[in-house]
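# Prediction below, plus the sequence it came from.
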Amino acid sequence: MPSPVIATLVTGRRALDRESAIAARLPVTGTGAPSPAGAQSDAPVAVIIEGLADPLSPLADAPGVQVHRIAPGCLCCAGNVVLRVTLNRLLRRPPAQLYISLADATHVGQLRAMLSAPPYDTLLSLCDDVAAPAVAS
């Protein structure tokens with residue numbers, strides 16, 4: 001059985017703030033491009049982002065990073081089915097690391113509980129949450 005995917009929940013009001021916080025946590029190569037430590041091309045970093053794309057996103061062209069966007073809305077309430085479908089598809093070919101970006105931290109506890117229950121309890125290893133600081137634009 002493969003080891004669980006390391007998963008981190010990232011909260012912040014703006015998508016750019018959350019995506020910058022995620023990009024800052026990715027190891028970089030000598031060229032300055034994100035490159036997941038120990039990850040191979042078939043096991044990249046995956047990011048599930050709640051919200052619309054930001055043209056200034058540092059993840060837009062990051063090599064080895066799969067970005068999956070979900071329409072804005074609470075991922076544990078209205079977006080629960082969409083999140084589960086996205087997660088299930090993504091976990092068929094597990095990434096080395098997973099970030100889930102949330103626009104609102106109100107239901108982080110409920111989302112963590114969902115991700116800690118079967119079937120995700122054996123597939124994911126949840127890390128501490130990250131609160132993205134506001135980035136000046």
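Looks like it arrived, so ask away.

# Please list all residues in contact with the residue positioned nearest the centre of the chain.
Nearest to the geometric centre of the chain sits Y99, at 2.0 Å (C-alpha atoms, centre = their mean). Contacts of Y99 were listed using C-beta atoms under 8 Å, 6 or more residues apart in numbering, and they are A7, T8, L9, V10, I22, R25, V45, A46, V47, I48. (C-beta placed from N, C-alpha, C; glycine too.)

# which stretches of the chain have low pLDDT?
Where the chain drops to pLDDT under 70, the residues are 1, 27-43, 76, 78-79, 137.

# Can you show me the strands along it?
5-11, 45-50, 65-70, 97-102, 124-126, 130-131 (DSSP state E).

# Just name the most buried of those strands.
With neighbours taken as mean count of other C-beta atoms under 10 Å, the strands of the chain reach their highest mean count in strand 97-102, at a mean of 26.

# Please name the strands paired to that one in the sheet, noting orientation.
Using DSSP bridges, the strands paired with strand 97-102 are strand 5-11 (parallel), strand 45-50 (parallel).

# would JSON lines of the ones you listed with distance to V65 be doable?
JSON lines is the format used below for these (distance: least, C-beta to C-beta, whole Å):
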{"stretch": "strand 5-11", "distance to V65": "14"}
{"stretch": "strand 45-50", "distance to V65": "5"}
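
# closest to V130 out of those strands?
Nearest to V130 among the strands paired with strand 97-102 is strand 5-11; the distance by C-beta to C-beta comes to 4.5 Å.
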